[in-house]
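Trainee: Need a 3D model of the sequence below.
(one chain, ligands or ions: 1)
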Amino acid sequence: MLNILELHKQLVEVALPSGFEKPQGKLLAQLAKPYVDEVFSDALGNVYCHKKGPGKRMMFPAHMDVIGMMITFVDDKGFLRFEPIGGHSPAGLIGVTVRLESGVRGTIRADAAADVFKHGFGDVDVHDLYIDIGAESKEEAEELAPIGSVCMFDAPTTMGAGSTMIAPYTDDLCGCIALLIAMEELKDTQVENDLWFVFTVQEEVGLRGAKPAAWDVQPHMGIAVDVTRTGDTSGEIDGQRMQVRLGKGPTVKIKDSSVQCNPQVIEHLRKAAKENKIPYQDEILLAGGTDTAAVQKTRAGILSGCVSIPCRNIHAPAEIVDLKDVENVGKLLAAAAKIAL
Ligand SMILES: [Zn+2]
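Mentor: A predicted model of the protein is given here:
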């Protein structure tokens, strides 16, 4: 069995934000290679892991890009302005430590004018924020963080209570790990379906990688893997009611704000879970999109669904997942892959 915590640490160490996925693509390709017949990538950087079968094509996308920031301006004092890559809560960024591509660290602060303590954190705009790397001059800062370079959260990957893991970027590096678990499960099994596990790029900036990947693979069924919110924290986000609970198993997505999953795929996943005694939960995610939608809208339409990992604090530097859920997502994918289409 693969060590999820150690794999996550390795991936977080190399991962870069959307559009810059080369390092994690290279590592994932290496990790997948022993389990499949061929591994290759396309012009955008999507990584395809193909396990050949005589039957119909099934595609399993998980996005390997993570959210981050791009440096847009360096001021005279050496402070850095940035644009978000992917969805961020501006108030949640204040005080966060980031790692630049050059390896130097910085801390995110708010302009004095934003006066967050007076007006409240809710009023903070991302343009009120800057990164301080401790540089003495504009020149020094530009050398370490030129415009166009990117940075990401610098936060530890560690165990929480029980089998939970607290870490940045479980969205969706844990989805990528679930694909590896599925590939490992199927290593010595000849499967009827022709299987395509795809690590996709640029999901966080608008599901941009999965669509061309699905066009290329032309699957009969696509099953994406991503994280989903839970309804078990104090003060559920936006007061939304959500049934998903951390640690209660993978979810079978019914809908999110980007997609309504095809009933055939939902049934396929429920059947795979029941026959293999894998716990699962039904999921309706009220806000948020996934690669599922991009796959569904490719070519003349593709049967699409999604399995999610329950995750608290999505897009924060300390997301929480349960490693049992991640493992069971991998098992559910393998079980679904074995049922001939
Ligand atoms: Zn995601």
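
Trainee: just the helices in this structure please.
Mentor: 4-14, 22-32, 90-93, 116-119, 138-144, 170-185, 210-217, 263-275, 291-296, 323-338 (DSSP state H).

Trainee: H88: how many residues sit nearby?
Mentor: A count of nearby residues for H88, using other Cβ atoms under 10 Å, gives 17. Yep, even glycine has a C-beta here, placed from its N, CA and C like the rest.

Trainee: What of A210?
Mentor: A count of nearby residues for A210, using other Cβ under 10 Å, gives 30.

Trainee: V126: what's it in contact with?
Mentor: V126 makes contact with F82, E83, P84, H88, P90, L93 under the criterion Cβ atoms under 8 Å, 6 or more residues apart in numbering.

Trainee: and the third one, what pLDDT?
Mentor: Predicted confidence (pLDDT) at P84: the value is 96.

Trainee: and what of the one 10 residues further on?
Mentor: The predicted local confidence for I94 comes out at a pLDDT of 92.

Trainee: Return the residues in contact with the nearest residue to it once chain neighbours are set aside.
Mentor: Distance criterion Cβ to Cβ, 6 or more residues apart in numbering; nearest residue to I94, sequence neighbours excluded, is A110 at 5.3 Å. By Cβ under 8 Å, 6+ apart, A110 lies in contact with I94, V116, V124, D128, L129, Y130.

Trainee: Quickly note the distance from P279 to the ion.
Mentor: Separation of P279 from the ion (Cβ to the ion, to the nearest Å): 22 Å.

Trainee: before we move on, the earlier item: which one of the contacts of A110 sits in the busiest neighbourhood?
Mentor: Busiest of those [other Cβ under 10 Å] is L129, holding 23 neighbours.

Trainee: picking up where we left off before, with the contacts of V126 in mind, which one is nearest to L333?
Mentor: Using Cβ to Cβ, the shortest approach to L333 within the contacts of V126 belongs to H88, at 29.2 Å.

Trainee: quick one: that closest one from I166, how far?
Mentor: 19 Å (Cβ to Cβ, to the nearest Å).

Trainee: Nearest spatial neighbour of the spatially most central residue of the chain, chain-adjacent residues omitted?
Mentor: The residue lying closest to the centre of the chain (Cα atoms, centre = their mean) is D172, at 1.8 Å. The shortest distance from D172 to any residue other than its chain neighbours is 4.7 Å, reached at H63 (Cβ to Cβ, 6+ apart).

Trainee: quick one: the nearest residue to N46 once chain neighbours are set aside from H63, how far?
Mentor: Using Cβ to Cβ, 6+ apart and skipping the chain neighbours, the partner closest in space to N46 is A213 (4.5 Å). Separation of A213 from H63 (Cβ to Cβ) stands at 10 Å.

Trainee: the more surrounded of those two?
Mentor: For the pair A213 and H63, the greater number of neighbours falls to H63 (30 against 26), based on other Cβ under 10 Å.

Trainee: What's opposite the more buried one in the beta bridge?
Mentor: When assigned by DSSP bridges, H63 has beta-bridge partners T200.

Trainee: Which pLDDT value goes with it?
Mentor: What the model reports for H63 is a pLDDT of 98.

Trainee: residue contacts, it?
Mentor: Shown in contact with H63 (Cβ under 8 Å, 6+ apart): 172, 175-176, 199-204, 209-210, 226, 291.

Trainee: How about the residues of the stretch 51-200 of the chain by the ion?
Mentor: D171, D172 (Cβ under 5 Å from the ion).

Trainee: Please report how far L323 lies from the ion.
Mentor: For L323, the distance to the ion equals 18 Å [Cβ to the ion].

Trainee: again, but for G53
Mentor: 28 Å.

Trainee: residues touching the residue nearest to G249 when sequence neighbours are not counted, list them.
Mentor: Among residues not flanking G249 along the chain, P279 sits closest, at 3.3 Å (Cβ to Cβ, 6+ apart). By Cβ under 8 Å, 6+ apart, the contact set of P279 is K248, G249, P250, A273, N328.

Trainee: of all of the stretch 201-341 of the chain, which residue lies closest to the ion?
Mentor: D226 (4.3 Å; Cβ to the ion).

Trainee: Neighbour-wise, which one of the contacts of V126 leads?
Mentor: F82 (25 neighbours).

Trainee: Leaving out the residues flanking it, which one is nearest to it?
Mentor: Distances taken as Cβ to Cβ, 6+ apart put M69 closest to F82, at 4.1 Å, once the chain neighbours are dropped.

Trainee: what sits against that neighbour?
Mentor: P17, F82, E83, P84, I85, H88, V98, I131, V150, C151, M152.

Trainee: so how far is H268 from the first one?
Mentor: Yep, that's P17 we're talking about. Per Cβ to Cβ, P17 is found 33 Å from H268.

Trainee: got it, and the third one?
Mentor: In this structure, E83 and H268 are 40 Å apart, going by Cβ to Cβ.

Trainee: still on that earlier bit, the contacts of H63 into TSV, with extra columns for pLDDT?
Mentor: TSV is the format used below for those (pLDDT from 0 to 100):
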residue	pLDDT
D172	97
G175	98
C176	98
F199	98
T200	98
V201	97
Q202	96
E203	95
E204	94
G209	93
A210	94
D226	98
D291	94
